[in-house]
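Undergrad: A structural model of the following input is requested.
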Amino acid sequence: MSNSSLREKNIVFIGFMGAGKTTIGKLVAKKLYRDFIDIDQEIEKEYNMPIPKIFAEIGEKAFREKEKELIQNLCDYKLKIISVGGGAFLQEEIRKVCLTSSIVFYLDITWEAWKTRLSSIIDSRPVLQGKSMAEIEELFYKRKEIYKNNYHSTIEISNQDMDELAESIVKTLKLSWELHETK
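TA: Alright, predicted model coming up:
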């Protein structure tokens, strides 16, 4: 896969849960006429149940294995836009395959901006269930440490318009493709 051109590589969005990976991924996919794949939604389809139920009935370990399998398989393809779950990059194998086969964008959000989104996402995120604000903040910063060294480009998304961000990502990609092809 590493012999494919930069323009053909998949684009992978990483970041903390609720950061906007799916929203921006869908917008970028539409602008680039590519297929968009949300790994969490694919797992829900496969098990025919929402993620909280998968965690409760099958367990996080089985979920993480399925997540790894799906991402590794998708990285064999080209021209996809992929949103991976907030915990996917905890697995070294996933980090490696994404970083070698795809262009990885880290959607960085501040704790203050993210907290405003918590009420709208908490019910669908099993890793947040039963945690205090302090525990959630600890998880936020622990995962931020993993994301911060494992991407090709970072986008600060705290208070920007999602469509403008997607447009900026597309312009950045097109510029890098042009620069890369003229070498």
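
Undergrad: Run a quick neighbour tally on residue 119.
TA: 8 (other C-beta atoms under 10 Å). To be clear about C-beta, it is placed using only N, CA and C from the backbone, and glycine gets the same treatment.

Undergrad: immediately after the helix or strand where it lies, which helix or strand?
TA: Assigned by DSSP states H and E, residue 119 belongs to helix 118-121. Sequence-wise, the next helix or strand downstream of helix 118-121 (DSSP H and E) is helix 133-147.

Undergrad: Pull the residues that contact the helix holding residue 119.
TA: Residues outside helix 118-121 that contact it (C-beta atoms under 8 Å, 6 or more residues apart in numbering) are 17-18, 128, 136.

Undergrad: The top helix by length along the chain - contacts with which helices or strands?
TA: In the chain, with assignment by DSSP state H, the single longest helix is helix 162-181. Judged by 3 or more C-beta pairs under 8 Å, 6 or more residues apart in numbering; DSSP states H and E, helix 162-181 is in contact with helix 21-32, strand 153-156.

Undergrad: got those as TSV, with distance to residue 169 columns?
TA: Output for the helices and strands packed on helix 162-181, formatted as TSV (distance: least, C-beta to C-beta, whole Å):
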stretch	distance to residue 169
helix 21-32	5
strand 153-156	7
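
Undergrad: Deepest in the core, which of the ones you listed is it.
TA: Comparing the helices and strands packed on helix 162-181 by mean neighbour count (mean count of other C-beta atoms under 10 Å), helix 21-32 ranks first with a mean of 20.

Undergrad: what's the average pLDDT for that helix?
TA: What helix 21-32 shows for mean pLDDT is 96.

Undergrad: Run through the neighbouring helices and strands of that helix.
TA: Helix 21-32 sits against strand 10-14, strand 35-38, strand 80-83, helix 162-181, with contacts defined as 3+ C-beta pairs under 8 Å, 6+ apart.

Undergrad: tilt between the longest one and helix 21-32?
TA: Angle, helix 162-181 to helix 21-32, by axes from the mean of the first three to the mean of the last three C-alpha atoms, to 10 degrees: 60 degrees.

Undergrad: in this protein, which helix or strand is least confident?
TA: The weakest-scoring helix or strand in the chain, judged by mean pLDDT, DSSP states H and E, is helix 118-121 (a mean of 84).

Undergrad: any idea which helix or strand comes after the lengthiest strand in the chain?
TA: Counting by DSSP state E, the longest strand found in the chain is strand 102-108. Toward the C-terminus, strand 102-108 is succeeded by helix 111-115 as the next helix or strand (DSSP H and E).
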